[in-house]
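Enquirer: okay, sequence plus prediction incoming.
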Amino acid sequence: MRGIGYFLGATLGAALLFFIISYFFFKPRKVNNHEIRGFIENSDRLLIKEINWVGGILSNDNERLGIKTISKMTYFSNRNMSYIRADTYTYFSKELNKYIRTYSISEGYFSEVLLDFGNKDKDRTIWPDMYFYYNKSQNADPTFGTIDKPLPILHFRSANPALRSMRQNNKDSDPAYLKQKYTENVKLYLEYFIEKEDFKKLFPES
């Protein structure tokens with residue numbers, strides 16, 4: 001009986017310690033609907049005709065460029081201490097004249113679809129130009145846009161209304177669906193990926 005008691009005590013103690021650590025160190029930032037809506041309403045869009053392919057999973061010129069997965073551990077919640085993943089692509093944008101990083105957080109891995117849309121030799125009947133949506137305050141912030149701190153792009157889609165989104169089998173003709181996915185991406189970015197000081201710049205009253 002004593003052995004069972006030790007086992008149960010150790011198991012429950014470890015679980016409690018795990019919960020306490022995860023709650024205090026991995027809990028996401030609390031973000032409200034006002035902040036999510038404010039981020040989106042303070043965003044603008046830009047037509048993108050070409051996306052520079054820097055080669056490979058990461059660039060041979062600089063490891064900070066190219067495709068990269070950024071993972072954030074979530075706290076003990078309905079995500080069950082899992083990782084939330086953002087698939088990103090970082091390159092220098094001629095249209096924005098700065099380094100940018102596209103995020104695909106809520107929609108899954110985009111493979112090379114983004115790059116197909118940006119191919120300068122593309123067939124525009126298949127891969128029309130696209131729009132990038134960026135936050136105007138971040139774009140005006142001189143700390144954003146460097147290779148060390150690229151400007152985040154949280155929503156991008158085809159410029160052809162008939163193709164509204166670049167993903168397959170995802171209701172890409174439904175504006176309400178696209179708005180929902182964009183909103184979810186913004187929410188998760190503000191909860192997990194934006195740096196604390198940058199969040200305070202956007203929402204100093206929070």
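Expert: That came through fine.
Enquirer: check which helix or strand the spatially closest residue to residue 83 that is not a sequence neighbour maps to.
Expert: Nearest residue to residue 83, sequence neighbours excluded (Cβ to Cβ, 6 or more residues apart in numbering): residue 71, at 4.4 Å. Heads up, the C-betas are built off the backbone N, CA and C, glycines and all. Element membership of residue 71 [criterion: DSSP states H and E] is strand 66-73.
Enquirer: repeat that for residue 87.
Expert: Using DSSP H and E, residue 87 falls in strand 83-93.
Enquirer: so what strands line up beside that strand?
Expert: strand 66-73 (antiparallel), strand 98-104 (antiparallel) (DSSP bridges).
Enquirer: and that strand, C-alpha only, in PDB?
Expert: What follows is strand 83-93, C-alpha atoms only, in PDB (Å, rounded to 0.1, in the frame of the first residue of the first chain):
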ATOM      1  CA  TYR A  83       2.800  23.100 -30.100                       C
ATOM      2  CA  ILE A  84       1.100  25.700 -32.200                       C
ATOM      3  CA  ARG A  85       3.000  26.000 -35.500                       C
ATOM      4  CA  ALA A  86       3.400  28.900 -37.900                       C
ATOM      5  CA  ASP A  87       4.700  28.000 -41.400                       C
ATOM      6  CA  THR A  88       6.600  31.100 -42.600                       C
ATOM      7  CA  TYR A  89       8.400  32.300 -45.700                       C
ATOM      8  CA  THR A  90      10.900  35.200 -45.400                       C
ATOM      9  CA  TYR A  91      12.400  37.200 -48.200                       C
ATOM     10  CA  PHE A  92      13.000  40.800 -49.400                       C
ATOM     11  CA  SER A  93       9.900  42.300 -51.000                       C
END
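Enquirer: which residues touch it?
Expert: 48, 51-54, 64-74, 98-105, 108-110, 114-115, 132, 147, 150, 188-189, 192-193 (Cβ atoms under 8 Å, 6 or more residues apart in numbering).
Enquirer: show me the contacts for the residue nearest the centre of the chain.
Expert: Geometric centre of the chain, nearest residue: residue 103, 3.3 Å, by Cα atoms, centre = their mean. Contact analysis of residue 103 by Cβ under 8 Å, 6+ apart lists 86, 87, 88, 152, 153, 154, 185, 189, 193.
Enquirer: how about a cut-off of 10 Å?
Expert: 70, 86-89, 152-156, 185-186, 188-189, 193 (Cβ atoms under 10 Å, 6 or more residues apart in numbering).
Enquirer: for it, name its beta-bridge partners.
Expert: residue 88.
Enquirer: roughly how far apart are it and residue 204?
Expert: Computed as Cβ to Cβ, to the nearest Å, the residue 103 to residue 204 distance reads 23 Å.
Enquirer: ok, back up a step: any chance of the strands paired with strand 83-93 in a markdown table, plus distance to residue 140 and mean pLDDT?
Expert: Below are these laid out as a markdown table (distance: least, Cβ to Cβ, whole Å; pLDDT from 0 to 100):
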| stretch | distance to residue 140 | mean pLDDT |
| --- | --- | --- |
| strand 66-73 | 24 | 84 |
| strand 98-104 | 11 | 94 |
